[in-house]
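Student: below are the sequence and a predicted model for it; my questions follow.
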Amino acid sequence: MPIHDYHCRSCGADFELLVRDSSLPACKACHSADVQRQVSLTAAPGKSPAIVAAGRRAAARAGHLSQYSSADRAKVR
């Protein structure tokens, strides 16, 4: 189930909500049904060395190191 961002046209409140279907929910602040779904920002991929190292270890366990250089492969093993 996706989380969607909404903007209430009645009171101006912004909120996010876990929604099961395409029906529009009521505003959490004023309970108005005059809400508009907003475009949500996506999360940026992790760039910390710990996240990258964990991803490389998982790839090594699965045997998917072909996209890494030989120097990077040596760091994993």
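Tutor: The structure has been received and is ready for your questions.
Student: Three-state assignment for residue 17, please.
Tutor: strand (DSSP: H, G, I helix; E, B strand; the rest coil).
Student: which helices and strands does the helix or strand bottoming out on mean pLDDT in the chain pack with?
Tutor: Here the helix or strand of the chain ranked lowest by mean pLDDT, DSSP states H and E is helix 70-76, holding a mean of 72. The contact analysis (3 or more C-beta pairs under 8 Å, 6 or more residues apart in numbering; DSSP states H and E) places helix 70-76 against helix 49-62. The way it works is simple: take the backbone N, C-alpha and C, and place the C-beta from them, glycine included.
Student: only C-alpha atoms, please: export the helix it packs on in CSV.
Tutor: In CSV, the C-alpha atoms belonging to helix 49-62 read as follows (Å, rounded to 0.1, in the frame of the first residue of the first chain):
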residue,chain,number,x,y,z
PRO,A,49,30.2,4.0,2.7
ALA,A,50,28.4,1.6,5.1
ILE,A,51,25.4,1.3,2.8
VAL,A,52,27.6,0.8,-0.3
ALA,A,53,29.7,-1.8,1.5
ALA,A,54,26.6,-3.7,2.6
GLY,A,55,25.2,-3.7,-0.9
ARG,A,56,28.5,-5.0,-2.3
ARG,A,57,28.6,-7.8,0.3
ALA,A,58,25.0,-8.8,-0.6
ALA,A,59,26.0,-8.8,-4.3
ALA,A,60,29.0,-10.9,-3.5
ARG,A,61,26.9,-13.5,-1.7
ALA,A,62,24.6,-13.6,-4.7
